[in-house]
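Q: Using only what follows, build the 3D model:
(2 chains)
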Amino acid sequence: MRLCVIAFKKIKRKVAKALRKQNKLNVMLVIKDLHAKINDKEILKGINLEVKPGEVHAIMGPNGSGKSTLASVLTGREIVEVTHGSVTFNGKDVLEMPAEVRSREGIFLSFQYPVEIPGVSMVNFMKAAVNEHRKYRNLEPLSASDFLKLLRERKELVEIDSALTNRSVNEGFSGGEKKKNEIFQMAMLEPKLSILDETDSGLDIDALRVVANGVNKLKTANNATIVITHYQRLLDYIVPDFVHILYNGRIVKSSGKELALELEEKGYDWIKNGN
Amino acid sequence: MSKTATQNIKDEMVNLYLDNLDLISEGSSALMNHHREEAIQNFRILGLPNQKNEKYKYSKIESIFSYEYEKYFAPKNITFKVEDIFRCDIPELDTHLALVLNGFYLPNPNRLQTLENGVVVGSIIDATAKYPHLFEKHYNIQAENNTDGLVALNTAFAQDGVFIYVPKGVVCTKPIQIINLLMSDENLLVQYRNLIVLEESSQANVLVCDHSLSPKRFISNVVTEIAVGTNAQLEFVKMQNEHNESNQLTHTYVKQERDSKMVSNVLSLHGGFIRNNLNMQLAGEGADAHAYGLYLTDRTQHTDNYTFIDHAVPNCTSNELYKGILDDQATGAFNGRILVRRDAQKTQAYQSNNNLLLTADAKMNTKPQLEIYADDVKCSHGATIGQIDYDALFYMRARGIGEREAKLLLMFGFAHEVVKRVSIESLRERVDDLVNKRLRGELSRCHNCPMHCC
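A: Model prediction:
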């Protein structure tokens, strides 16, 4: 009987170990002790974060805490200089990749301020993007009709106005249209990891709902989302598995979704005062 | 260039005129000959414009004249079929075609054709004989023989060219296409003259394509006079697509009557040295002028656009947009003069010139020049010279589009703002395609000629 128990415990330990190993293999994004600066000013001072497929992480924090800088580092904006640490995505060194390769590997950033590109139509822009992604995976470019079919499908999925794709990229779009357009692009490219940088800023409640619905519809067990936001509001619609609080270039607190509510209640001073 | 060299060019031209006056006159028409003497006298005084002339500050006209050029005063017998070496392949573009080879009209099959509803297309020589009253009214009326030496030179030497006439109330649905071909075994200077007359309430689309087919040095010095009658509409698209040894000097004069609309679109896709003068005179109330231009230059190419919009009467509108992309050591200039005369109240005039420099060596000079003497007008102008927008580039890269492709898409988008003003859809698509190829550095010839001009 006792032998049985010991054997059982042994098995249990083995299983646990195997599970840990499995989990480690499954980790999609690993950020280790990341330090980064902009114009000689250190903004990120040692970030550690792991994201697994199927997870939704929220990163919250007051203005100037480094939220957008973190998004910039992950997507390869050259203005940010990484001074220490590492970022791997499915085992590959992200920091070595130019921005376009990160995108083709499956990292997507929904911009806080989407850029207007006069003269470049949404259709041409998306066609170029989709086909570059396909080329990277050794696939033939989509035919014109297949592309239009995909375009139509994804437009319906994220409920954006059909007319938006007939216009130049973001040109003359309202704040809400720009953010919806980001989610539409996300739907077209089907990223493994989506980083939503302040997607809720400047959105009214209806647009917020459309954006959040889009993100939720695109969610699968194989992709992950990082939601960067000031407010709890967006997290009512996109429910996170983890909430991290970024303050002064470091993650000072991590917990479940209840942390966002606590933060909403107590305010950022609660963090600033060293709790 | 030294003063003597400039003087030499002037003397050479005047002597050339005197020595060949018989030949020049013989190969032309009496009505055109009638204007030569005064023109050569003007040229004798004016000479070639030099850089002290504010209008020509950024273009060294003398330098292109410093080479030896052949001049013909009669069309050379050609022993080949133009169709064999040249085929315009703008797909689905069904046009009335007029061919001009080295400045002389090529019968196709006749020298003067009467088309649908009495529209006339043909050689200017034959047209003078048949429509003398039109010539008395419109020929050499607008051309600035007194102030521009190149225009005077053209009036003195021009023997042939294209004549287009659209009678009152006629809408010419099919575009009229003029193809100017340069082909010679020797360097060549050609000077020809076009006259386009649209009578009251008529409409037409005219497309001009310039090509050089042999690897020689060319100068084309061309004057085009256009009269747009009351309530008439003309779209005039010019595509300049010549090789690096080609030099183009164009002078286009437009006079618009009451409630007329004129769209000029000058697309300089390729060429060694290009100077385009465009004068648009809004002479009748309610006239609407649109001047668009696109220039794509690389290596040591030079493109200079001078525009003059003359708001002579009240209640007219003008809208001007010129855009350029300059690569390598290319140089460019834009000078947009808008004159709003004292009585031209309620004028609306807008002008914009935007330039993209792709290298640190490319150079662009731009000068808006608004002279407003009326007090109740709406005028605006803007000129920009900049580089590729980094934020837009990053945005595209963040969607997986490689840097080169992203830059091309941005440049293409920049150029498309002008191309989209071309109203004929099949032509617009073709121009887009040519612009795309040009920006990619692929051959941008819009025909299948065996010459690798570009």
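
Q: Which of the three states applies to the closest residue to chain B within chain A?
A: Distances between chain A and chain B by C-beta to the nearest C-beta are smallest at A:Gly119, namely 2.8 Å. Quick note: C-beta positions are derived from backbone N, CA and C, even for glycine. The three-state label for A:Gly119, taken from DSSP: H, G, I helix; E, B strand; the rest coil, comes out as strand.

Q: can you pull the contacts of B:Ala362?
A: Contacts of B:Ala362 were listed using C-beta atoms under 8 Å, 6 or more residues apart in numbering or on different chains, and they are B:297, B:326-331.

Q: and the two most separated of the residues you listed?
A: Taking C-beta to C-beta as the measure, the contacts of B:Ala362 reach their widest spread between B:Asp327 and B:Thr331, a distance of 11.2 Å.

Q: joint contacts of those two?
A: Overlap of the contact sets of B:Asp327 and B:Thr331 (by C-beta under 8 Å, 6+ apart) consists of B:297, B:362.

Q: Might you enumerate the residues of chain A proximal to chain B?
A: Along chain A, the residues adjacent to chain B under the rule C-beta under 8 Å from any C-beta of the partner chain are A:75-78, A:98-100, A:102-104, A:109, A:111, A:114-121, A:124-125, A:128-129, A:132-133, A:136, A:168-169, A:185, A:189.

Q: Mind checking which of the residues you listed land in helices?
A: In this view, the residues of chain A next to chain B that belong to helices under DSSP state H are A:75, A:99-100, A:102-104, A:124-125, A:128-129, A:132-133, A:136, A:185, A:189.

Q: which among the contacts of B:Ala362 are in contact with chain A?
A: Among the contacts of B:Ala362, not one lies near chain A by C-beta under 8 Å from any C-beta.

Q: Distance check, the residue nearest to B:Ser123 when sequence neighbours are not counted against B:Val121.
A: Nearest residue to B:Ser123, sequence neighbours excluded (C-beta to C-beta, 6 or more residues apart in numbering or on different chains): B:Tyr105, at 3.6 Å. Counting by C-beta to C-beta, to the nearest Å, the gap between B:Tyr105 and B:Val121 amounts to 10 Å.

Q: what does B:Asp391 give?
A: From B:Asp391 across to B:Val121, the span is 49 Å (C-beta to C-beta).

Q: just for the stretch 151-275 of chain A, where's the confidence low?
A: Judged by pLDDT under 70, the stretch 151-275 of chain A has its weakly predicted residues at A:274-275.

Q: which stretches of it form helices?
A: Counting by DSSP state H, counting those that start in this stretch, the stretch 151-275 of chain A forms helices over residues A:175-189, A:205-218, A:233-237, A:258-266, A:269-272, given from the N-terminal end onward.

Q: do the stretch 51-200 of chain B as well
A: Taking DSSP H, counting those that start in this stretch as the criterion, the stretch 51-200 of chain B carries its helices at B:61-65, B:82-85, B:124-130, B:132-138, B:149-157.

Q: how near is A:Ile238 to A:Leu208?
A: Spatial separation of A:Ile238 from A:Leu208 under the definition C-beta to C-beta is 10 Å.

Q: Actually, B:Gly149.
A: When C-beta to C-beta is applied, the distance between B:Gly149 and A:Leu208 equals 67 Å.

Q: Comparing those two, which shows the higher neighbour count?
A: B:Gly149 (23 against 20; other C-beta atoms under 10 Å in any protein chain shown).

Q: shouldn't that one be in contact with B:Gly47?
A: Yes - distance between B:Gly149 and B:Gly47: 5.2 Å, which falls inside the contact criterion (C-beta atoms under 8 Å).

Q: Which residues are in contact with each of the two?
A: Once C-beta under 8 Å, 6+ apart is applied, it turns out that B:Gly149 and B:Gly47 contact no residue in common.

Q: any low-confidence regions in chain B?
A: Across chain B, the stretches falling below the confidence threshold (pLDDT under 70) are B:1-3, B:78-92, B:443-454.

Q: list the contacts for the closest residue to chain A within it?
A: Shortest chain B-to-chain A distance, computed as C-beta to the nearest C-beta: residue-wise this is B:Gly413, at 2.8 Å. Going by C-beta under 8 Å, 6+ apart, B:Gly413 touches A:117-121, A:168.

Q: go with 7 Å
A: Residues counted as contacts of B:Gly413 (C-beta atoms under 7 Å, 6 or more residues apart in numbering or on different chains) are A:117-120.

Q: So what touches stretch A:221-240?
A: The set of residues external to stretch A:221-240 that reach it, using C-beta under 7 Å, 6+ apart, is A:28, A:51-60, A:67, A:71, A:191-200, A:208-209, A:212, A:215-216, A:219, A:257, A:260-261, A:263-264.

Q: Same question for stretch A:104-117.
A: For stretch A:104-117, the surrounding residues in contact (C-beta under 7 Å, 6+ apart) are A:68, A:71, A:74-75, A:89, A:92, A:97, A:132-133, A:136, A:168-171, A:178, A:181-183, A:186, A:189, A:191-199, A:201, B:391-392, B:395, B:398, B:400, B:410, B:413.

Q: again, but for stretch B:47-56
A: Under the contact criterion C-beta under 7 Å, 6+ apart, stretch B:47-56 has outside partners B:6, B:9-10, B:57, B:60-62, B:65, B:148-150, B:306.

Q: B:Tyr322: neighbour count?
A: Counted with other C-beta under 10 Å, the neighbours of B:Tyr322 add up to 25.

Q: In space, what's closest to it - neighbours in sequence excluded?
A: Using C-beta to C-beta, 6+ apart, the closest residue to B:Tyr322 is B:Gly293 (3.9 Å).

Q: Can you give me the buried ones in the helix or strand A:Leu70 falls within?
A: A:Leu70 is located in helix A:67-75, with elements delineated by DSSP states H and E. Along helix A:67-75, these residues count as buried under the neighbour rule (16 or more other C-beta atoms under 10 Å in any protein chain shown): A:67-75.

Q: Need the contact partners of the longest helix along chain B.
A: Ranked by residue count, the top helix of chain B under DSSP H comes out as helix B:3-26. The contact list for helix B:3-26, computed with C-beta under 7 Å, 6+ apart, reads B:33, B:40, B:43-44, B:47-48, B:50, B:62, B:65-66, B:71, B:73-74, B:153, B:156-157, B:159.

Q: Selection in ChimeraX covering whichever of those are buried, please.
A: Restricted to buried positions by 16+ other C-beta under 10 Å, the ChimeraX selection for those reads:
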select /B:40,43,44,47,48,50,62,65,73,153,156,157,159
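
Q: all helices for the stretch 251-400 of chain B, in order.
A: When secondary structure is read from DSSP H, counting those that start in this stretch, the stretch 251-400 of chain B shows helices at B:390-397.
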